[in-house]
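*Asks:* pasting the structure only:
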């Protein structure tokens, strides 16, 4: 049995904005096993980045409310991170849980040499001399396959290309050999050939350091190649989760299917009409009652707009929140293979 | 079948930017292709390969350093002011970033109507009607005409960009990464719209993108660019099924396919390093430094595009041999 390293329970995050309170994350539960890759998939604004920043404790307290009472918790090896203060969090951040960001240009410090940026986290978290830290930094740069590492240590981020910067950022994140790496759209800003290199690199390092990885992305292709489990988010909630195969071949939620169908397959006919979702995601300041996907869902029923659906389980790993799987749902006239029998 | 009509012919097109004393950035360096009436020509390549510069030079937004862009018999870079204005009525462009390409201080109606006014196409009542018609055509409402761009989402803004391009009833549209900035479900909406409009109006597209699966989906023929050169050119199915150039092969194998079984079985052709600088490039094949099949000749002579199979061109000294690998 695999060991749970992180467990998120009933996470609620809301932002106070001029227009009102925006509920970016509305009750998210999930767990992460040791050494696995969990992908969080969804469109922009679905709350996937906010979820990962909440785990890291990176949301600005001045305009953010995270629910802390009741069931809500972020359990990292038994400790509730929501109760940690800034000082305690900084002991964990970068040392035991690390994060890499989408845009390597803005997340590296432009006025610091790459070597110093890697050494910074080593010096903060480990009791080593500067000389030792420099050696480790050099080793990290070699680990992420940056040529001429010795020279590169003394260079600034602007002297690096996009792919190189992302490698450098990975080196910073992994310098203290964390147990969890959160990769937030790590390759979105990169070209496909560079993307392939970076994803391979993350995979190799994951094996070597026995890390668990949370991969936040909207690119289903990347997910198919690296993830063990997938959870699909829509408007601040997880609508479906399962193993890679379950999601790609036996998905149950209409939103998951819509996402999968809207990308052209390399083997399908050209100029065929792509499946496309109507409308846009809801405004999270005034989220609709019931299932937030209902207004865009082609199978939407009356009940969908009234009440949020319960979770239906299909296997140990797969579950989905959709009224179509309720025993009383009217499934006549739905396409064949649409409804899977639920397993209780 | 009768010979298809050529709408645009690009001959040895070059666009260099001066970036310092004796330093030239060769963004587009001798590119040839033809676009037939009613087809979609896809242009793919990684960032910095010159595909956007190529599109803008074809549109006449950049002056060409050398070569010609022949639109219905005349070189668009030799046109005078009046003729150029006439050309802009025939050819339009849709930009990548729907946020920075719409004037934030103009209403959507005025943005779409600007082209109509410049070319004196419609006035008064008729103009308003035309704008409403265009808005409906791209899936927006006529109420949207009085709003400003910031009130719209990315996908809606891209629709406004498309309506603006269609306002002057062009024959040819350059689509410069029109979907890169959009979410997956919205991308499908915009691509479907572009295909639908093409069928209705017989438009010709030059579709530039780095999303290879989308390019394959929308294009009849596809050209692959690398560092300012066209390295391979073929019908889109042919190109994706039988790529010849080592760069195209590597590029194709790097596309992640949203299917776990395919992904796990797939053999990736690794490609080392990154795109070298396009400033004062070395002679020889631009890809030679990263190519595992490179021989001495590749580092000396720049290969020309040759027809390896019918309608399938590749610029590689070893195309003949590699064809079988």
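*Replies:* Structure received. Since the structure is predicted, the reported quantities are computational estimates derived from the model, not experimental observations. Numbering: from 1, shown residues only, chains lettered A, B, ... in the order given.
*Asks:* Show me the contact partners of stretch A:152-164.
*Replies:* Stretch A:152-164 is contacted by residues A:104-105, A:108-115, A:118, A:134, A:137-138, A:141, A:146, A:165, A:168, A:189-191, A:194, A:197-198, B:47, B:274 when judged by Cβ atoms under 8 Å, 6 or more residues apart in numbering or on different chains. C-betas here are computed from N, CA, C, even on glycine.
*Asks:* Show me where the stretch 201-325 of chain B has its helices.
*Replies:* Under the criterion DSSP state H, counting those that start in this stretch, helices of the stretch 201-325 of chain B are mapped to B:212-218, B:236-241, B:246-254, B:260-265, B:296-300, B:319-322.
*Asks:* now those helices in CSV, with mean pLDDT and distance to residue B:21?
*Replies:* Formatted as CSV, the helices of the stretch 201-325 of chain B follow (pLDDT from 0 to 100; distance: least, Cβ to Cβ, whole Å):
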stretch, mean pLDDT, distance to residue B:21
helix B:212-218, 87, 38
helix B:236-241, 89, 40
helix B:246-254, 89, 31
helix B:260-265, 84, 49
helix B:296-300, 89, 27
helix B:319-322, 77, 38
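*Asks:* Tell me which residues touch residue B:155, please.
*Replies:* Contacts for residue B:155 (Cβ under 8 Å, 6+ apart) come out as A:280, B:98, B:182-183, B:186, B:189-190.
*Asks:* ok, so of these, who is nearest residue B:264?
*Replies:* Distance to residue B:264 across the contacts of residue B:155 (Cβ to Cβ) is lowest for residue B:183, with 26.7 Å.
*Asks:* just to revisit the earlier point, may I see the helices of the stretch 201-325 of chain B organised as JSON lines, with distance to chain A and mean neighbour count added?
*Replies:* Below are these laid out as JSON lines (distance: least, Cβ to the nearest Cβ, whole Å; neighbours: other Cβ atoms under 10 Å in any protein chain shown):
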{"stretch": "helix B:212-218", "distance to chain A": "4", "mean neighbour count": "23"}
{"stretch": "helix B:236-241", "distance to chain A": "6", "mean neighbour count": "18"}
{"stretch": "helix B:246-254", "distance to chain A": "4", "mean neighbour count": "23"}
{"stretch": "helix B:260-265", "distance to chain A": "4", "mean neighbour count": "14"}
{"stretch": "helix B:296-300", "distance to chain A": "19", "mean neighbour count": "14"}
{"stretch": "helix B:319-322", "distance to chain A": "18", "mean neighbour count": "15"}
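*Asks:* With chain B as the reference, measure out to residue A:127.
*Replies:* Distance of residue A:127 to chain B, computed by Cβ to the nearest Cβ, to the nearest Å: 37 Å.
*Asks:* What is the neighbour count of that residue?
*Replies:* 6 (other Cβ atoms under 10 Å in any protein chain shown).
*Asks:* Now do the same for it: helix, strand or coil?
*Replies:* Under DSSP: H, G, I helix; E, B strand; the rest coil, the three-state class of residue A:127 is coil.
*Asks:* Isn't residue A:67 up against residue A:8?
*Replies:* No: Residue A:67 lies out of contact with residue A:8 (Cβ atoms under 8 Å); the separation is 12.0 Å.
*Asks:* Give me the contact status of stretch A:209-219 with chain B.
*Replies:* Yes: using Cβ under 8 Å from any Cβ of the partner chain, stretch A:209-219 reaches chain B at A:218-219.
*Asks:* buried set for that stretch?
*Replies:* By neighbour count on 16 or more other Cβ atoms under 10 Å in any protein chain shown, the buried set for stretch A:209-219 is A:211-219.
*Asks:* These in strands, which ones?
*Replies:* Among the buried residues of stretch A:209-219, DSSP state E puts A:212-217 in strands.
*Asks:* list the contacts for residue B:140?
*Replies:* B:108, B:156, B:159-160, B:163.
*Asks:* before we move on, back to that, residue A:67 and residue A:8 - which one has more neighbours?
*Replies:* Shown here are residue A:67 and residue A:8; by other Cβ under 10 Å, residue A:8 has more neighbours (22 against 17).
*Asks:* separation between whatever residue of the stretch 151-300 of chain A ends up closest to chain B and residue A:8?
*Replies:* Going by Cβ to the nearest Cβ, chain B is nearest to residue A:221 of the stretch 151-300 of chain A, at 2.9 Å. Note on residue A:221: its distance to residue A:8, by Cβ to Cβ, to the nearest Å, is 26 Å.
*Asks:* contacting residues for the closest residue to residue A:220 other than its chain neighbours?
*Replies:* Leaving aside its sequence neighbours, residue A:220 sits nearest to residue B:258 (Cβ to Cβ, 6 or more residues apart in numbering or on different chains; 3.8 Å). Counting by Cβ under 8 Å, 6+ apart, residue B:258 makes contact with A:220-221, A:223-224, A:248, A:260, A:263, A:265.
*Asks:* Please dump those into TSV; it should also carry distance to residue A:41 for every row.
*Replies:* Listed next are these as TSV, based on distance: Cβ to Cβ, whole Å:
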residue	distance to residue A:41
A:220	7
A:221	11
A:223	6
A:224	10
A:248	11
A:260	10
A:263	12
A:265	17
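*Asks:* any chance of these in JSON lines, plus secondary structure and pLDDT?
*Replies:* Putting these into JSON lines (DSSP: H, G, I helix; E, B strand; the rest coil; pLDDT from 0 to 100) gives the following:
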{"residue": "A:220", "secondary structure": "helix", "pLDDT": "88"}
{"residue": "A:221", "secondary structure": "helix", "pLDDT": "87"}
{"residue": "A:223", "secondary structure": "helix", "pLDDT": "92"}
{"residue": "A:224", "secondary structure": "helix", "pLDDT": "91"}
{"residue": "A:248", "secondary structure": "helix", "pLDDT": "92"}
{"residue": "A:260", "secondary structure": "helix", "pLDDT": "89"}
{"residue": "A:263", "secondary structure": "coil", "pLDDT": "83"}
{"residue": "A:265", "secondary structure": "coil", "pLDDT": "73"}
